[in-house]
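sequence plus predicted model, see below.
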Amino acid sequence: MRLNESKEIMKHFNELGFKNIKLIKAEEFYLKELKGVVDPEQKRILIGKLFVDIANEEISNLSKNGELLLVQGTIYPDTIESGSTDKAALIKTHHNRVSEIEKLISKGKIIEPLKELYKDEVRKLGKELGLPHKLIYRHPFPGPGLAIRIICSDKTDTQDDYKKEENSMNDILEKFQMVGKILPIKSVGVQGDFRTYHYPAVVWFKNNKYRSWEKINECSSMVINKLKTVNRLIFSLSPVGNLKLETLYLEKQNLAELRKIDAMLRSRTDEIGEIWQMPVVQLPLCNSGKKLCYVMRPVCSQDAMSASIFEMNFDLLKEITSGIQELGNTIFYDITTKPPGTIEWE
């Protein structure tokens with residue numbers, strides 16, 4: 001969970017009058033199960049399985065005097081991206097659509113009152129029910145939590161050769177007075193209704209006087225459409241030096257640093273109403289100061305099926321990210337629409 005998020009959720013429940021809420025602290029179980037795991041789809045499946053195991057144990061303890069059912073907040077995009085509808089391909093498995101959950105659904109053990117609704121429809125329902133505005137318009141947070149916002153790596157170098165593609169990319173970027181490099185990591189995307197797992201690339205302007213969101217949007221679309229190996233673009237306010245690929249796993253110290261960076265960025269952006277969601281992602285890349293790189297991804301959306309980039313004022317972006325840079329970390333800005341990039345990187 002994000003910094004203080006569990007406390008905030010319990011506070012909301014208390015204010016709504018719920019008295020029988022029990023918070024299960026299961027982080028240690030997840031960290032043990034996910035130790036050394038780097039594949040994003042494997043992470044999601046393991047998280048979903050452990051979620052069911054923990055839920056079953058708790059339900060068993062609670063249901064001594066009668067049978068209980070598990071209620072999930074599944075919404076329609078979860079089922080689509082998990083490939084659970086007749087015409088949908090698997091993009092990424094949501095924790096509420098792993099095989100263990102599907103078995104419970106078939107046995108009638110799960111209630112999902114929102115499963116046919118999109119996010120904007122859920123918010124309309126929340127208004128009808130009179131729920132607090134702050135609760136209705138919280139930024140969506142993925143079921144697997146911060147586990148999928150740490151891009152894990154078990155390598156310190158890559159055997160893939162994308163120099164030719166990088167040269168082609170810079171030929172395209174020249175038109176926009178920009179330059180860039182392809183990064184030695186991968187992220188999940190969606191193109192033509194199918195899952196992609198390709199490289200992100202980072203781009204920046206040769207001179208800040210050329211900087212504009214019109215150029216950024218156009219170059220992002222053109223690069224991803226023309227290059228087969230790139231499915232996501234991120235933007236840097238300044239030129240990017242050498243970035244070193246490092247091993248990175250789901251470990252307490254990495255989660256703690258991600259929580260800190262995420263909280264710093266959210267404290268400055270939570271009140272920007274146009275931002276529908278803003279994942280903050282930890283990358284297995286270190287800058288020259290041996291500090292980790294991060295990506296902020298503020299997007300605008302209605303239903304989570306598609307999303308556009310939030311075009312933040314460049315001076316505000318510099319101000320917001322200055323605190324991160326003072327810590328020595330490097331921060332990038334995701335400039336990829338959905339599609340072709342999923343909102344989450346994994």
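Thanks, I have it. Numbers count the residues shown, from 1 in each chain.

which stretches in this structure count as strands?
70-71, 110-111, 178-182, 187-191, 194-205, 230-235, 244-245, 280-286, 292-296, 299-300, 308-309, 330-334 (DSSP state E).

now for this structure, the helix or strand with the poorest mean pLDDT.
Across the helices and strands of the chain, mean pLDDT, DSSP states H and E gives its lowest value to helix 76-81, namely a mean of 76.

Gly273: how many residues sit nearby?
8 (other CB atoms under 10 Å). In this view, the C-beta of every residue, glycine as well, is placed from N, C-alpha and C.

for it, phi and psi?
Backbone torsions of Gly273, given as degrees, to the nearest 10, read phi -60, psi -30.

give me the pLDDT for it.
Reading off the confidence values, Gly273 has pLDDT 91.

now Lys22
At Lys22, pLDDT is 86.

and the closest residue to it other than its chain neighbours, how close does it get to Lys35?
Leaving out its chain neighbours, the residue that sits closest to Lys22 by CB to CB, 6 or more residues apart in numbering is Glu58, at 7.6 Å. Distance of Glu58 to Lys35, given as CB to CB, to the nearest Å: 23 Å.

those two: which has the busier surroundings?
When Glu58 and Lys35 are compared for neighbours, Glu58 comes out ahead with 15 against 10, by other CB under 10 Å.

tell me where the model's unsure across this protein.
Across the chain, residues meeting the criterion (pLDDT under 70) sit at 63-66, 81-98.

domain map for it?
The record's domain parsing of the chain by automatic domain parsing lists 5-144, 163-334.

reformat the ones you listed as TSV; add distance to Ser153.
Formatted as TSV, the domains of the chain follow (distance: least, CB to CB, whole Å):
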stretch	distance to Ser153
domain 5-144	6
domain 163-334	4
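
what's the most buried one of these?
Sort the domains of the chain by mean neighbour count, taking mean count of other CB atoms under 10 Å, and domain 163-334 sits at the top with a mean of 17.

gap between the two ends of that domain?
22 Å (CA to CA, to the nearest Å).

same check, this time on stretch 275-295
Stretch 275-295 has an end-to-end distance of 15 Å (CA to CA).

thinking the residue nearest to Lys22 is in contact with Ile24, fair?
Yes. Counting by CB atoms under 8 Å, Glu58 touches Ile24, with 6.2 Å between them.

for Lys107, phi and psi?
Per degrees, to the nearest 10, the backbone of Lys107 is at phi -90, psi 0.

check which helices and strands the longest helix belonging to the chain sits against.
Using DSSP state H, we find that the single longest helix of the chain is helix 40-62. Judged by 3 or more CB pairs under 8 Å, 6 or more residues apart in numbering; DSSP states H and E, the packing partners of helix 40-62 are helix 27-33, helix 99-106.

got TSV for the ones you listed, with distance to Trp213 too?
Formatted as TSV, the helices and strands packed on helix 40-62 follow (distance: least, CB to CB, whole Å):
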stretch	distance to Trp213
helix 27-33	38
helix 99-106	40
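
can you say which of the ones you listed is nearest to Leu69?
helix 99-106 (9.2 Å; CB to CB).

Tyr210 and Val179, how far apart?
For Tyr210 relative to Val179 (CB to CB), the value is 11 Å.

go ahead and confirm Lys206 touches Gly180.
No. Using CB under 8 Å, Lys206 makes no contact with Gly180, being 10.6 Å away.

how about the strands of the chain in CSV, adding distance to Ala263?
Output for the strands of the chain, formatted as CSV (distance: least, CB to CB, whole Å):
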stretch, distance to Ala263
strand 70-71, 29
strand 110-111, 33
strand 178-182, 29
strand 187-191, 23
strand 194-205, 24
strand 230-235, 21
strand 244-245, 26
strand 280-286, 9
strand 292-296, 12
strand 299-300, 19
strand 308-309, 23
strand 330-334, 14
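
which one of those lies nearest to Ile172?
With CB to CB as the criterion, Ile172 lies closest to strand 178-182 of the strands of the chain, at 8.9 Å.

packing partners of the closest one?
For strand 178-182, the packing partners by 3+ CB pairs under 8 Å, 6+ apart are helix 163-174, strand 194-205.

what angle do the last one and strand 330-334 make?
Read that as strand 194-205. Angle, strand 194-205 to strand 330-334, by axes from the mean of the first three to the mean of the last three CA atoms, to 10 degrees: 120 degrees.

repeat for the first one
With the same axes, to 10 degrees as the criterion, the two stretches helix 163-174 and strand 330-334 enclose an angle of 70 degrees.

helix 163-174: how far from the chain's middle?
In terms of CA atoms, centre = their mean, to the nearest Å, the centre of helix 163-174 is set 27 Å apart from its chain centre.

for the last one, same thing?
Strand 194-205 sits 14 Å away from the centroid of its parent chain (CA atoms, centre = their mean).

and for stretch 155-171?
24 Å.

cool, and stretch 42-49?
On CA atoms, centre = their mean, the centre of stretch 42-49 falls 15 Å from the chain's centre.
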